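> Mind looking at a prediction? Sequence and model below.
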Amino acid sequence: MNKETIFIDATNGTLGRIASFAAKEALKGKEVLILNCANAIITGNKRTTISIYKWKRALGGSSLKGPFFPKHSERLMKRTIRGMLPYKKEHGLLALKRIKCYSDLPKEYELSKKLTFSSTQKSKNITLGELNKEI
């Protein structure tokens, strides 16, 4: 890759912290690849988190018109990042295109140096992979 690329390992990292960092770096013009999105965590009560995301998915009226709310972990990560970018403007849309999310670790990125956002907080939480199964 010819541009500066940042690899982020989302394992045990808080969803919002990873998303805000990725959004800022993408706006600076860097390529951002987020790996292991299924292992990112959302802090809070498990039942409450599941009910909130089920409610958000049910908000969309028609399956043809939207609003569309993702179910898969990598798309949920990208949707969270999209909320932190001015995606309706050109520079925000270009920043969103510079972000790639993967639910697991692809073989071509196994040896690359990765940033980690591991959470030291031992609180109630749910991973995006678990949330994916519950929705």
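Yep, that arrived.

> Next, the residue nearest to the spatial centre of the chain: phi, psi?
Nearest to the mean C-alpha position of the chain, counting by Cα atoms, centre = their mean, stands Met77 at 1.7 Å. Reported as degrees, to the nearest 10, the phi and psi values for Met77 are phi -60, psi -50.

> Enumerate every residue touching it.
Ala10, Leu15, Ile18, Ala19, Ile34, Cys37, Ala40, Cys101, Leu128 (Cβ atoms under 8 Å, 6 or more residues apart in numbering). Just so you know, the C-beta spots here come from the backbone N, C-alpha and C atoms, and that holds for glycine as well.

> Same list (those) but as a markdown table, adding pLDDT.
Below are the contacts of Met77 laid out as a markdown table (pLDDT from 0 to 100):
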| residue | pLDDT |
| --- | --- |
| Ala10 | 90 |
| Leu15 | 91 |
| Ile18 | 94 |
| Ala19 | 94 |
| Ile34 | 94 |
| Cys37 | 91 |
| Ala40 | 91 |
| Cys101 | 94 |
| Leu128 | 86 |
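
> Among those, which are located in helices?
Of the contacts of Met77, the ones assigned to helices by DSSP state H are Leu15, Ile18, Ala19, Leu128.
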